[in-house]
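J.: Quick one, what's the 3D model for this:
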Amino acid sequence: MAPGLLWSTALAIATGVFPPSIVRAQDSGCFMVTPTGGTLDLNRLCGGSAASDPNQRVFRARIKRRAGGTPVIDVTFNGKQTFEMIVDTGASGTLLTYQMAVALRVKPVGYVNVETASDRNLRIPVGYVKSIEVNGAVAENVLVAVAGPDLGIGLLGHDFFGNYDVTIKRDVVEFSRR
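T.: Numbering: from 1, shown residues only. From the prediction side, this is the model:
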């Protein structure tokens with residue numbers, strides 16, 4: 001460790017004041033500085049998700065179960081809350097349950113008319129979530145639709161995985177960067 005960095009680190013530990021040379025804006029909110037001056041991402045320990053490796057090409061999500069033969073996986077929103085969702089390769093957008101939207105504090109910014117297998121010209125609210133993440137695959141600032149109180153599970157659509165090739169296997173769903 002360079003003498004200047006060593007002195008800055010000792011001062012920071014003693015005073016609780018961390019100068020910019022130790023804490024950089026691009027570092028995640030939960031990390032540890034290693035003895036060599038690098039950072040170690042601790043988001044998984046702090047309740048968030050680990051930052052995605054920019055070189056990682058394939059992200060795998062374990063299939064928890066199937067609903068009507070369609071995979072159900074865990075999806076994390078805003079880096080904090082995880083919900084089971086159906087991977088719906090036929091859905092253009094992500095559809096949250098009403099309960100999910102309440103838990104995520106999604107504020108409606110408008111309405112869209114949608115057609116589903118059972119309804120035509122159904123008017124539903126839409127709002128933004130900061131992020132949608134599946135084991136390192138991330139989409140940010142996503143406009144999502146919010147279903148009425150009868151929907152029991154959300155649908156993960158192309159607005160999330162549109163930049164990935166999706167492969168559904170027996171026990172995992174793979175999202176491969178294009």
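J.: Need the three-state assignment for residue 100.
T.: helix (DSSP: H, G, I helix; E, B strand; the rest coil).
J.: quick one: contacts for it?
T.: 77, 83, 154 (CB atoms under 8 Å, 6 or more residues apart in numbering). (C-beta placed from N, C-alpha, C; glycine too.)
J.: cool, residue 84 as well?
T.: Per CB under 8 Å, 6+ apart, neighbours of residue 84: 64, 72, 73, 74, 75, 153, 154.
J.: I figured the second one hits residue 85, correct?
T.: Spelled out, it's residue 72. Yes: counting by CB atoms under 8 Å, residue 72 touches residue 85, with 6.9 Å between them.
J.: Which one's more surrounded, these two?
T.: Between residue 72 and residue 85, residue 85 has the larger neighbour count (other CB atoms under 10 Å), namely 27 against 20.
J.: and the gap between that one and residue 113?
T.: Here residue 85 is placed at a distance of 23 Å from residue 113 (CB to CB, to the nearest Å).
J.: for residue 119, same thing?
T.: 10 Å.
J.: Same check on residue 95?
T.: From residue 95 to residue 113 the distance is 14 Å (CB to CB).
J.: Show me which of these two is the more surrounded one.
T.: residue 95 (25 against 9).
J.: In space, what's closest to that one - neighbours in sequence excluded?
T.: residue 155 (4.3 Å; CB to CB, 6 or more residues apart in numbering).
J.: burial measure for that neighbour, as a count.
T.: Around residue 155 there are 21 residues (other CB under 10 Å).
J.: burial count for residue 66?
T.: Neighbour count of residue 66, defined by other CB under 10 Å: 12.
J.: Wait, it touches residue 87, no?
T.: No: checked against CB under 8 Å, the pair residue 66 and residue 87 is beyond contact range at 10.0 Å.
J.: Mutual contacts of the two, please.
T.: With CB under 8 Å, 6+ apart as the test, residue 66 and residue 87 both reach residue 72.
J.: Overlap in contacts, residue 72 and residue 85.
T.: With CB under 8 Å, 6+ apart, residue 72 and residue 85 have common neighbours residue 153.
J.: Each with direction, which strands does the strand or helix carrying residue 73 pair with?
T.: Element membership of residue 73, judged by DSSP states H and E, is strand 70-77. Strand pairing for strand 70-77, using DSSP bridges, gives strand 65-67 (antiparallel), strand 81-87 (antiparallel), strand 122-134 (antiparallel).
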